[in-house]
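Asker: got a predicted structure here, sequence first:
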Amino acid sequence: RKTYEIYLNQFLKYSHKNHENLAKLSQSEIEELVFNYVIHLKDLTERTGKPNPNSYNTMTSPIKLFLEMNDILLNWIKIKRYFPSKVPVSNQLPYTDNDVKELLAATTSIRNKAFIHFLAATGCRVGAIPGLEIEDVKQIEEGAIVTMYKDTTEEYKTCLTPESYYHLKKYLAQRLNTNVDSPLFTTKNNVNSLSLDAAGDVIRHIRRQVKLEVDHGRKSTKGKSQNHAFRKRFSLCLANADIQSKFIEYMMGHYEKQDRHYFKPSDEDLWFQYKKAIKILTLDKSEAMKHELEQKKIIIDDYEKRLQEKVSEIENRYEGVIGALEIEVWVAKMKKFFLDQLE
């Protein structure tokens, strides 16, 4: 909405009209006005480099919508032919683990640390933060399932690593108001939800402290976007963990329109896939190793339990038929088999 107002007001300023006067113009007058405005923007781009050629659709969409709402239909296909050619998008690199660690080290705020961990572990857009509530985070094993854009057509789910969930719980523990319908991230008063602008400011201010390079110029694909670089890292980590592509798209809110109706993974299915990436996503690798060892211990304990049950069953069934030595040999073979399976 803010973007809509900014760009529509820019067009009104150029045309020396207000909303009412613009709507009263004839179709031919408006078409000429819009055409001249595009030529004006294009001239600015050629001389100064601004506005960016990739911004033309965004800048003219509010004009198109305003005119359509007033029953004025222009030949936009023809108008868009005068847009300049698009250029490569800048700031395309993901954050590295070291980048995120630098951000974490540059702040002493428990909230900010939890916020950075949350962005790194979920890969969510910063725009989703203001709408999140505490009840949107549900624990599963040592991590959590997070529902984004709950009760909207854009709803999807992603996950939190045990590491990020630990920092989130630590942040919530020092909050006064932690009702289930309370905002997940708040301003310093611990009551009001963190707004979109405030959420962006959190990372912006920390980046300035660590002097993390923002970009290499508008025409360079190098550099790292302030907030979107978290999503790029998340996508790369999930791909490196060999997670199924459908699940990656789903956890980033990118899944296709038809998948919104047919692809409905359970929390358990989602967590099973996400667990493959926990080791890669976790920033403290010692914690990742600890989690991996705990998971292996669970598997080993389950194997040993099943093995002991099988031994007891054989002893009861063949008591007096085969000797203890034969049973011990069989048990040794079974243990080797289970260990081979574990490897």
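Answerer: Yes, it's here.
Asker: average pLDDT for stretch 68-78?
Answerer: Across stretch 68-78, pLDDT averages out at 92.
Asker: pull out the buried positions in that stretch.
Answerer: 72, 74 (16 or more other CB atoms under 10 Å). Glycine gets a C-beta too; all of them are placed from N, C-alpha and C.
Asker: span of stretch 83-95 from start to end?
Answerer: 33 Å (CA to CA, to the nearest Å).
Asker: stretch 175-186 now?
Answerer: Start-to-end, stretch 175-186 (CA to CA) is 9 Å.
Asker: quick one: that stretch to chain centroid distance?
Answerer: For stretch 175-186, the distance from its own C-alpha centre to the chain's C-alpha centre is 21 Å (CA atoms, centre = their mean, to the nearest Å).
Asker: what are the ranges of the strands in the stretch 101-250 of the chain?
Answerer: Assigned by DSSP state E, counting those that start in this stretch, the stretch 101-250 of the chain shows strands spanning 137-140, 143-148, 156-160.
Asker: which residues sit in contact with L236?
Answerer: P94 (CB atoms under 8 Å, 6 or more residues apart in numbering).
Asker: pLDDT score for it?
Answerer: So, for L236, pLDDT stands at 94.
Asker: repeat that for M334.
Answerer: For M334, pLDDT reads 72.
Asker: which residue packs closest to it, ignoring adjacent ones?
Answerer: L307 (5.6 Å; CB to CB, 6 or more residues apart in numbering).
Asker: from Y166, how far out is that neighbour?
Answerer: From L307 across to Y166, the span is 34 Å (CB to CB, to the nearest Å).
Asker: check A198 too.
Answerer: Applying CB to CB to A198 and Y166 gives a distance of 24 Å.
Asker: quick one on the thing from earlier: quick one: closest of the strands of the stretch 101-250 of the chain to V126.
Answerer: strand 143-148 (11.7 Å; CB to CB).
Asker: average pLDDT across that closest one?
Answerer: So the average pLDDT for strand 143-148 ends up being 96.
Asker: cool, and stretch 86-97?
Answerer: pLDDT averaged over stretch 86-97 gives 80.
Asker: now do the end-to-end distance for that stretch.
Answerer: End-to-end distance (CA to CA), stretch 86-97: 32 Å.
Asker: stretch 67-77 now?
Answerer: Using CA to CA, the two ends of stretch 67-77 sit 15 Å apart.
Asker: give the burial count for Y262, as a bare number.
Answerer: Y262 has 8 neighbours, counted by other CB atoms under 10 Å.
Asker: re the thing from before, most tightly surrounded among the strands of the stretch 101-250 of the chain?
Answerer: Among the strands of the stretch 101-250 of the chain, strand 156-160 has the highest mean neighbour count (mean count of other CB atoms under 10 Å), at a mean of 24.
Asker: so which residues make contact with that strand?
Answerer: Contacts of strand 156-160 (CB under 8 Å, 6+ apart): 118, 121-124, 137, 140, 143-149, 168, 250-253, 255, 265, 267, 270-271, 274.
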